[in-house]
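Asks: Let me see the structure of the following:
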Amino acid sequence: MTPISGRISQSAFDGSKLRVILLLDLYEGAQQQFLDAYEHMRNQVASVPGHLSDQLCQSIENPSQWLITSEWESAPPFLAWVNSEEHVETVRPMHSCVKDTRSMRYSILRETNPADPVTAAPAAANAVAARVGDGAARHALTFTVKPGSESKVAEILAGYQSPQAQVDDSTRLRRTSLFMHGNRVVRAVEVEGDLPAALRHVARQPEVRAVEEAINPYLEQHRDLTDDDSARVFFTRAALPAVHHVVSDIPVPADLRRHALFYPAKKGCGMDLARLLSQQDATAADDPDNPVYGSTVFQRDDIVVRLIDITGELDSDPAAALGLKGGKKSAELERLLDGAAIGVEGALQTERNINRLLSHADMMPITDRSSAGS
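Replies: Numbers count the residues shown, from 1 in each chain. Okay, the predicted model is just below:
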């Protein structure tokens, strides 16, 4: 039997096939428009690398409720597509048909094939192991502000009143962390329970809406939060999914500090860079002396952000802080990083270049708030 990992609670890089489930509630009278939009989407996604199949289903109990399922070779090609501009444009015709949606994504760990006899034999050696989570879902948003407005935006984002943490009986906001890197903002959230419900809850809070309106004039990408389509497109483009999360199984240190590191990937190398950092963090989690207690890697296109909880000072062990210790050789990281963007020339094995990369990657903390009991 494949052992269950006690550390990794989330990963897009375990090699398993992916099942995506999209629940939709349509407006009455919009069925034909929806079917036309689905046919357009189906034809587009059929040619996307990594896509295997999809199904459209209608409820036998409520004709307004529909279900789209799709199967993918693995999570990375799906994430690359769903976060692309092509996807934004492909699904746009559906927006006016759909009252509410919910998307769920699952790794396929076991499946029954009618052609194979069902036996009590242990799972195959190459079967994907189940993971043990901590009850939290993680997600981030990223966007850029107009150059010169960074200090004003930081002031606005640091000064807002925290929204109510309890969403419902089963959903609660655990933690929100905001960082900036130049004119780029990254907001990471940890949610216990239903992530979409928590995000909708936060968006409705008056204190949050006031902050969002206050930063609107400074955004590089225009948005109108009073227009559903404008808001939907903005937040779709701003999505920065968590692709990997790992925590050491040592007792929780008392002196943990949270940092965010921004890694500029070469064009087209974002997913490979995120995979490499994830592999290194998973290996480093086996080292009780590694100062990085927990790590979450977020990735979209060539934007890669690594959120770490670390003991001690960030620069006390730069290689470990950067994910260069306890994992694969730094030469692979050099191949995927845009060295010109950070002024690093030559090998990352040198102390000078490691320190320069750490100095560039370390994002400016704006606020880090945890709810009571988290």
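
Asks: C-alpha from now on. contacts and neighbour counts both.
Replies: OK.

Asks: Okay, helices next: where are they in the stretch 1-150 of the chain?
Replies: 31-45, 75-82, 85-91, 150-158 (DSSP state H, counting those that start in this stretch).

Asks: now swap in the stretch 251-374 of the chain and tell me
Replies: Ranges of helices in the stretch 251-374 of the chain, per DSSP H, counting those that start in this stretch, are 270-284, 318-322, 330-336, 339-342, 351-361.

Asks: Send me the last one as CSV with only the CA atoms.
Replies: Translated: helix 351-361. Output of helix 351-361 as CSV, limited to C-alpha atoms (Å, rounded to 0.1, in the frame of the first residue of the first chain):
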residue,chain,number,x,y,z
GLU,A,351,27.7,33.5,-1.5
ARG,A,352,27.5,36.9,-3.2
ASN,A,353,25.0,35.8,-5.8
ILE,A,354,22.8,33.9,-3.2
ASN,A,355,22.7,37.0,-1.0
ARG,A,356,21.9,39.2,-4.0
LEU,A,357,19.0,36.9,-5.1
LEU,A,358,17.7,36.8,-1.5
SER,A,359,17.8,40.6,-1.3
HIS,A,360,15.9,40.9,-4.6
ALA,A,361,13.4,38.2,-3.8
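
Asks: buried sites along it?
Replies: Neighbour counts over helix 351-361 (16 or more other CA atoms under 10 Å) mark Asn353, Ile354, Asn355, Leu357, Leu358, His360, Ala361 as buried.

Asks: helices and strands around it, which ones?
Replies: strand 256-264, helix 318-322, helix 339-342 (3 or more CA pairs under 8 Å, 6 or more residues apart in numbering; DSSP states H and E).

Asks: if you skip the residues just before and after it, what's nearest to Ser295?
Replies: In space, and not counting its chain neighbours, Ser295 is closest to Ile308: 4.4 Å by CA to CA, 6 or more residues apart in numbering.

Asks: give me the beta-bridge partners of the one you found?
Replies: Beta-bridge pairing of Ile308 under DSSP bridges involves His259, Ser295.

Asks: Tell me the spacing between it and His259.
Replies: For Ile308, the distance to His259 equals 5 Å [CA to CA, to the nearest Å].

Asks: ok, now Ser84?
Replies: In terms of CA to CA, Ser84 sits 27 Å off from His259.

Asks: average pLDDT across stretch 174-186?
Replies: Taken as a whole, stretch 174-186 has a mean pLDDT of 95.

Asks: buried residues in it?
Replies: By 16+ other CA under 10 Å, the buried positions in stretch 174-186 come out as Arg174, Arg175, Thr176, Ser177, Leu178, Phe179, Met180, His181, Asn183, Arg184, Val185, Val186.

Asks: can you tell me which of the residues you listed are in strands?
Replies: Arg174, Arg175, Thr176, Ser177, Leu178, Phe179, Met180, His181, Arg184, Val185, Val186 (DSSP state E).

Asks: returning to that earlier point: how about TSV for the helices of the stretch 251-374 of the chain, with distance to Ser170 and mean pLDDT added?
Replies: Formatted as TSV, these follow (distance: least, CA to CA, whole Å; pLDDT from 0 to 100):
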stretch	distance to Ser170	mean pLDDT
helix 270-284	29	91
helix 318-322	34	87
helix 330-336	40	82
helix 339-342	43	68
helix 351-361	36	84
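
Asks: Where does the residue nearest the centre of the chain sit: helix, strand or coil?
Replies: For the chain, Pro241 is the residue whose C-alpha lies nearest the centre (CA atoms, centre = their mean; 1.5 Å). Following DSSP: H, G, I helix; E, B strand; the rest coil, we place Pro241 in the strand state.

Asks: what bridges to it?
Replies: His139.

Asks: Could you export the helices and strands packed on helix 351-361 as JSON lines, including mean neighbour count and distance to Ile303?
Replies: Output for these, formatted as JSON lines (neighbours: other CA atoms under 10 Å; distance: least, CA to CA, whole Å):
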{"stretch": "strand 256-264", "mean neighbour count": "21", "distance to Ile303": "7"}
{"stretch": "helix 318-322", "mean neighbour count": "22", "distance to Ile303": "16"}
{"stretch": "helix 339-342", "mean neighbour count": "15", "distance to Ile303": "13"}
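
Asks: What count of nearby residues applies to Ser230?
Replies: Ser230: 14 surrounding residues under other CA atoms under 10 Å.

Asks: That one belongs to a helix, doesn't it?
Replies: Yes. Judged by three-state DSSP, Ser230 forms part of a helix.

Asks: ok, now how distant is the closest residue to Arg223 other than its chain neighbours from Arg237?
Replies: Nearest non-adjacent residue to Arg223, counting by CA to CA, 6+ apart: Ser230, 5.6 Å away. Going from Ser230 to Arg237 by CA to CA gives 11 Å.

Asks: in a helix, that's where Val211 is, yeah?
Replies: Yes. Judged by three-state DSSP, Val211 forms part of a helix.

Asks: ok, now which ones touch the residue nearest to the centre of the chain?
Replies: Neighbouring residues of Pro241 by CA atoms under 8 Å, 6 or more residues apart in numbering: Arg138, His139, Ala140, Leu141, Phe298, Gln299, Arg300.
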